[in-house]
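1. Compute the structure for the input listed below.
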Amino acid sequence: MAHQSKRFRALLPKVPQTAVPLAEAIKLLKTFDTTKFNQTVEVSTNLGIDPRQTDQNVRGSVALPHGIGKTVRVAVFAQGDNVEKATAAGADLVGGDDLAQRIKGGFMDFDVALATPDMMGVVGPLGRVLGPRGLMPSPRSGTVAADIASAVREFKAGKIEFRNDKGGNVAAPVGKLRFSDVQLIENISSFLNHLRTLKPPAAKGTYIRSITVSATMSPGIRIIG
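-> Got it, this is the predicted structure:
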């Protein structure tokens with residue numbers, strides 16, 4: 001860990017004190033690629049919302065044009081014909097009560113949980129387990145879907161889910177550091193454009209207060225919104 005923090009500290013003087021254009025931030029971020037592994041790039045935003053008010057919470061999902069550069073493990077709650085449809089579309093796990101019992105027993109080997117609307121009776125009681133991990137299927141985030149095959153394909157291809165935390169921040173993975181500049185710029189722009197459409201009507205003042213882009217082992221760089 002000391003080695004990582006030393007590297008991190010060495011990068012800090014390179015970080016601009018003010019927000020910079022996205023293209024400039026990406027070029028600078030690429031100079032921080034000093035590790036052997038391909039770091040994940042993340043965008044963090046601070047929103048002008050009051051997370052204590054349910055009508056000001058922000059939650060959604062968006063398909064990024066270039067995916068996120070990792071294999072996404074998708075679990076699906078389905079029954080009947082939808083089991084076959086989800087499996088054919090590439091779901092890693094498909095089940096009903098059996099899958100719910102495995103999750104209650106501590107099984108969490110997946111990145112996204114999807115459900116068809118008729119399975120919410122089975123999924124509902126898992127809220128206490130899946131909710132805190134941000135894995136609870138929800139119509140608002142596109143993870144409860146009647147067309148389960150399309151939902152599976154979208155999430156396998158790099159559709160991401162996001163939601164604000166208690167501080168009004170929303171963070172999302174938007175690719176890998178070794179993506180091309182254009183791929184990262186297009187992914188980040190897609191995420192931010194979608195986030196802008198989700199401004200709660202009850203939120204007053206500036207909606208996106210700050211935007212920071214960073215990689216797994218790098219300091220954050222503020223970008224101009």
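2. Residue 165 looks like it's in a helix, true?
-> No - read with DSSP: H, G, I helix; E, B strand; the rest coil, residue 165 is coil and lies in no helix.
3. how near is it to residue 172?
-> Plainly put, residue 165 is 12 Å away from residue 172 if you go by C-beta to C-beta, to the nearest Å. The way it works is simple: take the backbone N, C-alpha and C, and place the C-beta from them, glycine included.
4. So for those two, which sits in the more crowded spot?
-> residue 172 (24 against 10; other C-beta atoms under 10 Å).
5. State the three-state secondary structure for the residue nearest to the more buried one when sequence neighbours are not counted.
-> Sequence neighbours aside, residue 162 is the residue nearest to residue 172 in space, at 4.4 Å (criterion: C-beta to C-beta, 6 or more residues apart in numbering). Classification of residue 162 by three-state DSSP places it in strand.
6. repeat for the one 10 residues further on
-> Under the three-state scheme (three-state DSSP), residue 172 adopts strand.
7. And for residue 12?
-> Secondary structure state of residue 12, per three-state DSSP, is helix.
8. quick one, what contacts the residue nearest to it when sequence neighbours are not counted?
-> Among residues not flanking residue 12 along the chain, residue 219 sits closest, at 5.4 Å (C-beta to C-beta, 6+ apart). Residue 219 sits next to 8, 11-12, 15, 32 when contact means C-beta atoms under 8 Å, 6 or more residues apart in numbering.
9. Distance check, residue 219 against residue 181.
-> 19 Å.
10. Show me the longest helix that occurs in this protein.
-> Looking across the chain with DSSP state H, the single longest helix is helix 181-196.
11. helices and strands around that helix, which ones?
-> Here helix 181-196 touches helix 22-30, strand 40-47, strand 59-63, strand 159-163, strand 169-176, strand 208-215, going by 3 or more C-beta pairs under 8 Å, 6 or more residues apart in numbering; DSSP states H and E.
12. For that helix, list every residue counted as buried.
-> Using 16 or more other C-beta atoms under 10 Å as the test for burial, helix 181-196 gives 183-188, 190-192, 194-195.
13. cool, and stretch 33-50?
-> Using 16+ other C-beta under 10 Å as the test for burial, stretch 33-50 gives 38-43, 45-47, 49.
14. same check, this time on stretch 88-106
-> 89, 91-96, 99-100, 103.
15. Among these, which ones are in helices?
-> Among these, DSSP H puts 99-100, 103 in helices.
16. Can I get those residues in a markdown table including pLDDT and distance to residue 66?
-> Below are these laid out as a markdown table (pLDDT from 0 to 100; distance: C-beta to C-beta, whole Å):
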| residue | pLDDT | distance to residue 66 |
| --- | --- | --- |
| 99 | 97 | 31 |
| 100 | 97 | 34 |
| 103 | 96 | 31 |
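17. from these, which single one is nearest residue 120?
-> Of all those, residue 120 sits closest to residue 100, with 11.4 Å by C-beta to C-beta.
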